[in-house]
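Engineer: here's a sequence, model it:
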Amino acid sequence: MPSKLNIPIKLKPTLTNNTMKRIIAFICTGVITASSAFAQTAPPVTAPVIGTAPAAAAPAARQRPPQTPEQLAAAKASQDAMQADYHNMLDQLHITQPLRPGRNGNDKTAANYANYDESKANPYPNYPDPLTFKDGSKVKTPKDWEKRRKEIVEDFDREVYGRVPKNVPKITWKIHKDTDEVVNNIPVNVKQVVGHADNSAYPAINVDIQLTLMVPKSANHPVPVIMVFGGQDFLNPPPPGGGFGFGGPRPGAAAGAAGATATPRPTPPKSAQQQILEKGWAYAALNTGTIQADNGQGLTKGIIGLTNKGQFRKPDDWGVLRAWAWGADRAIDYFETNKAVNVKEVAIEGHSRWGKGALVALAYNPRMATAYVSSSGEAGAKPSRRVTGEEVENITGTGEYHWMAGNFLKYGGPLTPGDLPVDAHELIAMCAPRPVFISGGSSGINGQDAWVDAPGMFMASDMANPVYALLGKKTFQTHQYPGPEVLLDGDLTYRQHSGPHTDVPNWPFFLTFADKYFK
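Structural biologist: Numbering: from 1, shown residues only. Below is the predicted model of the structure:
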């Protein structure tokens, strides 16, 4: 085993008899109800549209019509499919007892309210040293690091994010739409492209990855690409003026709407899209839902389900985060065919759960140049050994387990986070020597983004710094948590803004950071 860094601070989708017994036991103890709510008890993690400011005040909620019997039946079938998948994995792992419950991120009076007391945040102080081999010998040279990195990758593949199978279908990209438009007063060429996965071996599942690329018409040479996780479904768009977030305007937002106020509003910050295009760079949006759905019932569908021919995963098979990262790599395959972009200058950005995916994407995809990792938290840049905000036990509940390899469930019981062979600092180190921008919002018990543990993400960045130093890269020169609004100087950098759960405040800082590396 490597030395430790002492840091203060093919099965069918049916229910087996063991699974049925466990579900009954879980219901009796209330675990299924609590586990399903883990993702919902946290401060909202559904990100605003990437690069847009959060609404100043939410309008009155639109009254939803009662669900039809068909809709209720579909919801139940979806829930049943998730439970079947979850408990099948527990069966494979021979876990017969309920996992430990996750933390509540909203109700301060709850017995399981999230911990924000630093004196209680580090019960597992021994961290694996990225610069020590499993046999105890030290990493002394960049060539040594190449070997040590393979050890780390193997642990992440097996225990955390899962392995990408060797038989993943080939993706063929085709242009769906190619138009010249004006976006934010900037003439651009917009291409909507679809990556079709070869499903000839299993036609029951169809996967069409959706990617949108905007390139300024003024570009006279291949330009950098900033690719964000998110994006609209352009093959099945929402109805005009309908929906929230990715859809049309919110109720009452139209000019002249009844009851609308004439009070002028502050000018919102420029969107990420506008900032990127104004720099003369290309903007891309990758629709992650078209790669793999963000839920457990979707694991027998999407690219994971297609590869497995509709069967359950094995414990070390890839989870959703790894599938999204794989999808980002396939997007680069398309960029290599487009002479308007510089495929050696591709950055990935993600916020919240997409922030987790962005860090995984950079760590695993050597063709990516850099990443803006926003509010990634647990399963991202936050150490899993940290007991604050969102914890391992939240991830191993039914609301979020699909992000990870099945083996990760072990660390929500019977094992603990302290038993993990790797942690977030080594995921960051896997990105070296490429530059990384780690960020989050306000922290502490009253912080608006406390759930993601910005101080912990700083700690992980600091622990990854020695790898960057070994590879001759600039590292920030402090081991003390700097607090908000401080941009650290290094090829691996960190900046915490003082606002809520959003990527908006740090976009200008990231673009300035990336500009140092894009020629």
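
Engineer: tell me who's in contact with V392.
Structural biologist: For V392, the contact set (CB atoms under 8 Å, 6 or more residues apart in numbering) comprises 378, 384, 411-412, 417. C-betas here are computed from N, CA, C, even on glycine.

Engineer: got the CA positions of stretch 295-313 in CSV?
Structural biologist: The C-alpha trace of stretch 295-313 is given here as CSV (Å, rounded to 0.1, in the frame of the first residue of the first chain):
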residue,chain,number,x,y,z
ASN,A,295,-30.9,8.5,-13.2
GLY,A,296,-30.6,4.9,-12.1
GLN,A,297,-33.5,3.6,-14.1
GLY,A,298,-31.6,4.7,-17.2
LEU,A,299,-28.6,2.5,-16.6
THR,A,300,-30.1,-0.3,-18.8
LYS,A,301,-30.5,2.3,-21.6
GLY,A,302,-28.3,5.1,-23.1
ILE,A,303,-24.8,4.3,-24.0
ILE,A,304,-24.3,2.1,-20.9
GLY,A,305,-27.4,0.1,-21.6
LEU,A,306,-26.6,-0.2,-25.3
THR,A,307,-23.1,-1.5,-24.6
ASN,A,308,-24.5,-4.0,-22.1
LYS,A,309,-27.4,-4.9,-24.4
GLY,A,310,-30.0,-3.9,-21.9
GLN,A,311,-28.5,-5.9,-19.0
PHE,A,312,-27.5,-4.7,-15.5
ARG,A,313,-24.0,-3.4,-14.9
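
Engineer: run a quick neighbour tally on G289.
Structural biologist: In terms of burial, G289 registers 16 neighbours under the definition other CB atoms under 10 Å.

Engineer: SS state for it?
Structural biologist: Under DSSP: H, G, I helix; E, B strand; the rest coil, G289 falls in the helix class.

Engineer: just the strands in the stretch 201-350 of the chain please.
Structural biologist: Using DSSP state E, counting those that start in this stretch, the strands of the stretch 201-350 of the chain run over residues 208-216, 223-229, 282-286, 341-351.

Engineer: tell me which of those sits nearest to E151.
Structural biologist: With CB to CB, the closest approach to E151 among the strands of the stretch 201-350 of the chain belongs to strand 341-351: 24.6 Å.

Engineer: could you point out which element follows the closest one?
Structural biologist: Past strand 341-351, further along toward the C-terminus, the next helix or strand under DSSP states H and E is helix 353-364.

Engineer: okay, the angle between that following helix and strand 341-351?
Structural biologist: 140 degrees (axes from the mean of the first three to the mean of the last three CA atoms, to 10 degrees).

Engineer: what lies in contact with helix 353-364?
Structural biologist: In this structure, residues lying in contact with helix 353-364 by CB under 8 Å, 6+ apart are 45, 47, 50, 153, 156, 161, 228-230, 288, 294, 321-322, 324-325, 328-329, 348-350, 368, 370-377, 379-381, 403, 427-428, 430-431, 434, 436, 503.

Engineer: for the top helix by length along the chain, packing partners?
Structural biologist: Taking DSSP state H as the criterion, the chain has its longest helix at helix 69-92. If contacts are counted by 3 or more CB pairs under 8 Å, 6 or more residues apart in numbering; DSSP states H and E, helix 69-92 sits against helix 17-29.

Engineer: show the contacting residues for the residue nearest to I291 when sequence neighbours are not counted.
Structural biologist: Leaving aside its sequence neighbours, I291 sits nearest to G327 (CB to CB, 6 or more residues apart in numbering; 3.6 Å). G327 is in contact with 209, 286, 288, 291-292, 303, counting by CB under 8 Å, 6+ apart.

Engineer: show me the helices in the stretch 101-250 of the chain, by range?
Structural biologist: Listed from the start of the chain, the stretch 101-250 of the chain has helices (DSSP state H, counting those that start in this stretch) covering 142-155.

Engineer: any stretches of it with poor pLDDT?
Structural biologist: Segments of the stretch 101-250 of the chain classed as low confidence (criterion: pLDDT under 70) are 240-250.

Engineer: contacts only, for the nearest residue to P315 once chain neighbours are set aside.
Structural biologist: Of all residues not flanking P315 in the chain, G406 sits nearest, at 4.0 Å (CB to CB, 6+ apart). The neighbours of G406, taking CB under 8 Å, 6+ apart as the test, are 89, 92-93, 162, 313-317, 319.

Engineer: 10 Å instead, please
Structural biologist: With contact taken as CB atoms under 10 Å, 6 or more residues apart in numbering, G406 is in contact with 85-86, 88-90, 92-93, 159, 162, 299, 312-319.

Engineer: R158: what's it in contact with?
Structural biologist: Under the contact definition (CB under 10 Å, 6+ apart), the residues listed for R158 are 315-316, 405, 407-408, 421-422.

Engineer: please redo it, this time with the cut-off set to 7 Å
Structural biologist: 316, 407 (CB atoms under 7 Å, 6 or more residues apart in numbering).

Engineer: tell me where the stretch 401-519 of the chain has strands.
Structural biologist: Shown for the stretch 401-519 of the chain, the strands assigned by DSSP E, counting those that start in this stretch span residues 436-440, 492-496.

Engineer: tilt between the last one and strand 436-440?
Structural biologist: Regarding strand 492-496 and strand 436-440, their directions subtend 20 degrees when assessed with the same axes, to 10 degrees.

Engineer: what strands flank strand 492-496, and is each parallel or antiparallel?
Structural biologist: The pairing partners recorded for strand 492-496 under DSSP bridges are strand 436-440 (parallel).

Engineer: tell me the bridge partners for the closest residue to A110 other than its chain neighbours.
Structural biologist: Nearest non-adjacent residue to A110, counting by CB to CB, 6+ apart: N104, 4.2 Å away. Beta-bridge partners for N104, by DSSP bridges, are Y113.

Engineer: which parts of the longest helix of the chain are buried?
Structural biologist: For helix 69-92, the neighbour count (16 or more other CB atoms under 10 Å) marks 81-92 as buried.

Engineer: how confident is the prediction for the residue nearest to P315, by pLDDT?
Structural biologist: Per-residue pLDDT puts G406 at 98.

Engineer: which regions of the protein lie under the pLDDT threshold?
Structural biologist: The low-confidence ranges in the chain, as defined by pLDDT under 70, are 1-62, 240-264.

Engineer: check contacts around the residue nearest to F156 when sequence neighbours are not counted.
Structural biologist: Setting aside the residues directly before and after it, F156 is nearest to V422 in space (CB to CB, 6+ apart), at 5.6 Å. By CB under 7 Å, 6+ apart, V422 lies in contact with 128, 152, 155-156, 160.

Engineer: thinking again about what came up before, out of the buried residues of helix 69-92, which is nearest to A460?
Structural biologist: Distance to A460, by CB to CB, is smallest for M89 among the buried residues of helix 69-92, at 27.0 Å.

Engineer: touching, the closest one and L409? I think so.
Structural biologist: Yes - assessed by CB atoms under 7 Å, M89 is found in contact with L409 at 6.2 Å.

Engineer: residue contacts, the closest residue to S78 other than its chain neighbours?
Structural biologist: Closest residue to S78 apart from its sequence neighbours, by CB to CB, 6+ apart: Q297 at 5.0 Å. With contacts defined as CB under 7 Å, 6+ apart, Q297 is in contact with 78, 81-82, 85.

Engineer: nothing else from me, thank you.
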